[in-house]
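A.B. asks: Compute the structure for the input listed below.
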Amino acid sequence: MFGEFNLIDKYFSSRQPQRKDVHLALGDDCAVVKAPDNVRIAISTDTMVAGIHFLPHANPAWVAHKALVSNLSDLAAMGATPAWVSMALTLPEIDETWLEPFCTAFFDLANYYNIQLIGGDTTKGPLSITLTVQGFVPQDKVLLRSTAKVGDWVYVTGELGDSKAGLDVILDDAKRHEPFADELEKRHYLSTPRILAGQALLNLASSAIDISDGLISDLGHILHQSQVGVSLDVSALPMSQALRQFTGHIQLAQQYALTSGEEYELCFTVSEQNKGSLDSALAHCGTKVTCIGQIRPQGTFELHNHGETLDWDLRGYDHFKDTI
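C.D. replies: Alright, predicted model coming up:
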């Protein structure tokens, strides 16, 4: 009979090279690891639930990629280097046709970022994946949400809005006839964590956050915790040609870029003094960055298009109101 321990042995054990800082991993009550000197450990936990974050029949390889990226993106937002991950996997039943592509994609991505699975749990129940990642940040250099200053410039990495467009395709078959529908569905699942960019920003950015619930919501966390306001120019929002053609209207594409969740790009602020150093600092990352606005005094929140004020009422993703 194929049980829990057979599952662990077949799909999770001996799938990765052992990191030197992992003294004991899978197979005991706890993992035992050792952190280098002069670093702090950044820790993040995220859960993905079938029916909330992905459809039960979604490609399991894409689900694995999305689950790990969502956690790696949290490390990127703090400027951390990935090290270890634990997984709690709940399955309705042991389905090898689902597990094989899920595990292959998970370990391919984990090995690429040199993050080792060191423990976790498997159990029976509604399909869900919970990951806890841990990474290293140099002592006293972590990126925070609470340290933006008035006058800082607001930047984002990559392009925004594709994930929301891909979700439209997933939820509405009629959208599959729109331009770039298949490509946008893939982009919803197969985003890239900005690990190298986060590390490069450690000495430059005044604050940072990853875009998981939509730019409008996540930037709001920086504003709240830093006690500042913002002015954003929506004409500067970086958007793909695929999104522009899919939406068919530049204003709608801009609204997608502001509210699209699960982008896993970085939003960060940079002082006027450090602005000129960005290009050289990020040159090795292969990551586009775009300035979209400026931090203003607390109480200010304005959207404008080339100076023309907009009165859009927008919100990002809410885990207790929105489902897939």
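
A.B. asks: Report the central residue of this protein.
C.D. replies: With distances taken as CA atoms, centre = their mean, the chain has Y264 as the residue nearest its mean C-alpha position (2.9 Å).

A.B. asks: can you pull the contacts of it?
C.D. replies: Remark: with contacts taken as CB atoms under 8 Å, 6 or more residues apart in numbering, Y264 is in contact with 69-70, 73, 191-194, 210-212. For glycine as for every other residue, the C-beta is placed from the backbone atoms N, C-alpha and C.

A.B. asks: one more time with 7 Å
C.D. replies: Contacts for Y264 (CB atoms under 7 Å, 6 or more residues apart in numbering) come out as 69-70, 73, 191, 193, 210-212.

A.B. asks: again, but for V228
C.D. replies: Taking CB under 7 Å, 6+ apart, we find V228 in contact with 148, 150, 295-298.

A.B. asks: Chain neighbours aside, what residue packs nearest to it?
C.D. replies: Excluding the flanking residues, the one nearest V228 by CB to CB, 6 or more residues apart in numbering is I295, at 5.0 Å.

A.B. asks: Just confirm the one you found is within a strand.
C.D. replies: Yes. Membership of I295 in a strand is supported by DSSP: H, G, I helix; E, B strand; the rest coil.

A.B. asks: Before we move on, what's the pLDDT of the residue nearest to the centre of the chain?
C.D. replies: Predicted confidence (pLDDT) for Y264: 97.

A.B. asks: A helix includes it, no?
C.D. replies: No. In this structure, Y264 is coil, not part of a helix, as judged by three-state DSSP.

A.B. asks: Packing partners of the lowest-mean-pLDDT helix or strand in the chain?
C.D. replies: Lowest mean confidence among the helices and strands of the chain (mean pLDDT, DSSP states H and E): helix 4-11, at a mean of 76. Packed against helix 4-11, as judged by 3 or more CB pairs under 7 Å, 6 or more residues apart in numbering; DSSP states H and E, are the following elements: strand 116-124.

A.B. asks: shaky segments in the stretch 1-150 of the chain?
C.D. replies: Applying pLDDT under 70 to the stretch 1-150 of the chain flags the ranges 1-5.

A.B. asks: Strands along that one, start to end?
C.D. replies: Under the criterion DSSP state E, counting those that start in this stretch, the stretch 1-150 of the chain contains strands at 22-24, 32-33, 39-49, 81-91, 116-124, 128-138.

A.B. asks: okay if I get those as TSV plus mean neighbour count?
C.D. replies: TSV is the format used below for those (neighbours: other CB atoms under 10 Å):
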stretch	mean neighbour count
strand 22-24	15
strand 32-33	14
strand 39-49	17
strand 81-91	21
strand 116-124	17
strand 128-138	21
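
A.B. asks: G316 is nearest to which of those strands?
C.D. replies: For the strands of the stretch 1-150 of the chain, proximity to G316 was assessed by CB to CB; strand 39-49 is nearest, at 16.1 Å.

A.B. asks: Residues contacting the closest one, please?
C.D. replies: Here strand 39-49 makes contact (CB under 7 Å, 6+ apart) with 35, 54, 66-67, 70-71, 74-75, 78, 80, 128-139, 142.

A.B. asks: Can you give the strand pairings for that strand, parallel or anti for each?
C.D. replies: Using DSSP bridges, strand 39-49 pairs in its sheet with strand 128-138 (antiparallel).

A.B. asks: Name the next helix or strand downstream of the partner strand, please.
C.D. replies: strand 153-157 (DSSP states H and E).

A.B. asks: Which elements pack onto that next one?
C.D. replies: Against strand 153-157 (3+ CB pairs under 7 Å, 6+ apart) you get strand 266-270, strand 289-296.

A.B. asks: Thanks a lot, see you next time.
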